[in-house]
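[1] Sequence below, structure please.
(chains A and B)
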Amino acid sequence: MKISSTHGLANQLLIYTLILIGGGGSLGLSAVWMRHQISLTANATKVLEARIADVERRVSETTTAIETESDPNVLLQRNAEWHLGLVPPGQAQIVHIGEDPVRRLAAKRNRALLGETGGVVAVAFPLALQR
Amino acid sequence: MSKGFASNYRIVLLAVGIVGCFGALGARLVFLHVIDRDELVRVIDKARRQIIVESARRGDILDARGNILATSRSLIVLGVDPQSLRPGDEKKWPQLAELLGMPLSDLARVFYTKTRAPAAAAPKPDAAPLFTFNPSGAAKPATPDDDDTEFDDTPNENGERPIRWAKLSENVAESTYAKIQALDLKGVYGARVYRRAYPHNSLAAHIIGYVNKAGEPAVGLERYADFYLHGRDGWREGERDGKGREVAQFRTREVPAADGYSVMLSIDSTVQHIIEAELEAIAQKYQPEKATIIVSDPRTGFILALANYPTFDLNDYNKVPKDEQGAMRNIAVADMYEPGSCFKIVAASGALNENLVTPSTIFDCSFDRIDYKGKSRSLAREDHHFADPQHVPLTQVLSYSSNRGAAQLAMLLGDERFYDYARAFGFGQLTGFPVGGEIDGSMAPPSKWDGLTITRMPMGHSIAATPLQMQMAMGVIASGGFLLRPQLIREIRDASGELVYRYDTVVKHRVISEQTARTMARLLTGVASNEGTAPEAAIPNYEVAGKTGTTQKIINGRYSEHHHVASFIGFFPASRPRIAISVIVDDADAHALNGVAYGAKIAAPSFKHIGEQLIQYLDIKPVYAAAGATNLVMGGVRP
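    Take a look at the predicted model:
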């Protein structure tokens, strides 16, 4: 198309202007949409932060309450109130173990499982005998 | 060629219109962004910019097993704007009063008090609050304190200032506040504040200290370890909307808060409870003026428990009456006393360490005067009646606490050497204990001694020490000859629980040889035996080594016969020490048997009682084979 005509030039300018306006508008709308999304995300983050802070505050409150209830004086009071009759063990009830308690308990368990022979029992291996 | 789809006139008009609009827009933008920019930015900044400070959470103080001794928790300071109350909400007031745990009449009084008369002017009859009806019949409307109310700046037509906020409670828990919010009472709202909470109330009060209402660490570890505990506040810069709410997407700069570190102590709350219960029992039985018990690990110098009587509740520190403020003193380090016979360990250790004596060395304790440096010096009388006072071996000097024997030991050492040993044991100087306002006691150098000092100081007179100094001095023998620094902090941990720093044993210096320490430990087991002054402290199969002390107090400048400080300081098992305990009871004479508070009668039984509980709790094994045999016979079966 030749652009020697004034009308043609004006039409082209008008079209370009409209395209520019349309394009600019689209870009503007995109920017607005994007900012809206940023706003939504930021607000969602803020809500989550507030929620986390709230949960942390409640955890802290609960921890403090648990610790207060674990206080030896409170436990003694509960023992008396609920008539539990719990008392510390006497010296005669304490058995001091010099060896490793894990090994000792394991040996005790083994004795219970395998009998008082200390595990020396007759064991048959039929498959081995067949060979 | 096309002519186009519009006439020339219309096109020009449209183009001019569009260009004109853009031109106007551009001109306005130039005005806004260039010409008026500074003024507009200033207004906007003032109206919309804000910096929000994000408070860092103060770190916790934990005991040796991770139990929380001090923590931070948020509380709500709840108040009401009486001008905003809705009449329809009145039926919810009883629920609010119940949630707050306050009488409905008190609550109504705050709600009905809508104005406050000018302070200077006398209240006029017509200057009554807008709502004067009082359903509870309370005669007088409340007049909240200045700190608890906020007023409008401009008075109303009666010259009164409308109340805009009146405090209802300053300790509303988060869960309670959620229930209050659910009531939907208009005008009732709160401000969130972080307050320090001490879940165990008075447990280890003198060690932990407290943070005051203004958030400043006042005393104790709260103050000493504030560098670790306080954290660093964060902040963020952003904008707020017309209602003052933060517009999250316009945050520009953000510095996150760094929570404080947690401080883990060597204090064990169970051991602490054991000694505080013992102090309570002592207080009930003897009603002393004050008392102190200290438990430490003599191998490391770490303090496992330290308690004083009287004490106070950390959560109510501000409610301690002025005349009872002494209860807040950590007397274990801030008060001094004459250690009495417990101090005899210094002269005996020094003489043994210098090879001047052996355990079998005999002392003549029959005479009441002795020549020293060419002068005759009087000796203190003996508290124990020796069958053969002319032949008292060193073992009995300690086990029967001979004053004259101790004096002769010091004389063998000489003024300077005895003084040097006393200094080496830590007397007359700070132990380095971090909290409680420690004092260094009182011990004059030999140049300031009078003629009697060399006979009196070895028996613990003419010298003043803190209970902790005495504990650490006994620790020298238990640790094999080293003077250790008493320590409270084991570890520093960050907010996520990761280890930041671990404190280790600090050896100040060697005082006596290991052999001397071992000999002294063996000699001191004689004290807690049937042949010693304190069989009451003996724990079967556990080789208790220790020393009693019964010191006359100085009343009106003279040693009193009716006021004593009773003490027992010792450790066990003597051959491989695990625990050192000091029990010091001040002025328990009024309720003591025969009116004299002897260390053996007042302090030694407590030592034993504490020791027996610690044996179980800390799994301290007996040293004698006989004990093992007994248990073997039992075969591990509980009777």
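[2] which stretches of the chain have low pLDDT?
    The chain I'm using is chain A. Scanning chain A for pLDDT under 70 picks out A:1-4, A:116-131.
[3] I was thinking of chain B, sorry if that wasn't clear
    Confidence mapping of chain B against pLDDT under 70 gives the ranges B:1-6, B:118-147, B:625-639.
[4] so how far is residue B:180 from the residue nearest to the spatial centre of it?
    Central residue of chain B (C-alpha atoms, centre = their mean): residue B:208, 2.1 Å from the mean position. Counting by C-beta to C-beta, to the nearest Å, the separation of residue B:208 from residue B:180 is 31 Å. C-beta: built from backbone N, CA, C; applies to glycine.
[5] Could you verify that residue B:574 is part of a helix?
    No - assessed with DSSP: H, G, I helix; E, B strand; the rest coil, residue B:574 is coil; it does not lie in a helix.
[6] mind listing what it touches?
    Each residue near residue B:574 by C-beta atoms under 8 Å, 6 or more residues apart in numbering or on different chains is listed here: B:521, B:522, B:524, B:525, B:543, B:544, B:545, B:623.
[7] among the residues you listed, which two are most distant?
    Spatial extent of the contacts of residue B:574 (C-beta to C-beta) is set by the pair B:524 and B:623 at 14.7 Å.
[8] re the thing from before, ok, of the contacts of residue B:574, which come out buried?
    B:521, B:524, B:525, B:543, B:544, B:545, B:623 (16 or more other C-beta atoms under 10 Å in any protein chain shown).
[9] Tell me the secondary structure at the first one.
    Translated: residue B:521. Following three-state DSSP, residue B:521 is assigned to helix.
[10] Confirm for me that it is in contact with residue B:544.
    No - using C-beta atoms under 8 Å, residue B:521 is not in contact with residue B:544; the gap is 10.4 Å.
[11] Find residues that contact each of these two.
    Common contacts of residue B:521 and residue B:544 (C-beta under 8 Å, 6+ apart): B:571, B:574.
[12] Go through chain A and flag its longest helix.
    Secondary structure of chain A read by DSSP state H shows that its longest helix is helix A:6-69.
[13] Is any residue of it near chain B?
    Yes - contact of helix A:6-69 with chain B (C-beta under 8 Å from any C-beta of the partner chain) involves A:6-8, A:10-11, A:13-14, A:17, A:35, A:38-39, A:41-43, A:45-46, A:54, A:57-58, A:60-61, A:63-64, A:67-68.
[14] What's the first helix or strand after that helix?
    helix A:72-81 (DSSP states H and E).
[15] CA atoms only: put stretch B:82-101 into CSV for me.
    Output of stretch B:82-101 as CSV, limited to C-alpha atoms (Å, rounded to 0.1, in the frame of the first residue of the first chain):
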residue,chain,number,x,y,z
PRO,B,82,-16.5,2.3,77.4
GLN,B,83,-17.7,4.7,74.7
SER,B,84,-18.0,1.9,72.2
LEU,B,85,-20.0,-0.5,74.3
ARG,B,86,-23.3,-1.8,72.8
PRO,B,87,-26.3,-2.1,75.1
GLY,B,88,-27.1,-5.4,73.5
ASP,B,89,-23.8,-6.9,74.7
GLU,B,90,-24.7,-6.4,78.4
LYS,B,91,-26.0,-10.0,78.6
LYS,B,92,-22.6,-11.3,77.8
TRP,B,93,-20.8,-9.5,80.6
PRO,B,94,-21.2,-12.3,83.1
GLN,B,95,-19.5,-14.7,80.6
LEU,B,96,-16.7,-12.2,80.2
ALA,B,97,-16.4,-11.7,84.0
GLU,B,98,-16.2,-15.5,84.4
LEU,B,99,-13.5,-15.8,81.7
LEU,B,100,-11.5,-13.1,83.4
GLY,B,101,-12.1,-14.5,86.9
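[16] List the buried residues in it.
    Neighbour-count burial for stretch B:82-101 flags B:82, B:85, B:89, B:93, B:96, B:97, B:99, B:100 (criterion: 16+ other C-beta under 10 Å).
[17] The longest helix belonging to chain B: which residues count as buried?
    The longest helix of chain B (DSSP H) is helix B:8-30. Burial within helix B:8-30, assessed by neighbour count using 16+ other C-beta under 10 Å, is assigned to residue B:11.
[18] can you tell if that helix touches chain A?
    Yes - Helix B:8-30 reaches chain A (C-beta under 8 Å from any C-beta) through B:8, B:11, B:12, B:14, B:15, B:18.
[19] Would you mind confirming that the last one is in contact with residue A:20?
    No - counting by C-beta under 8 Å, residue B:18 does not reach residue A:20; the two are 10.1 Å apart.
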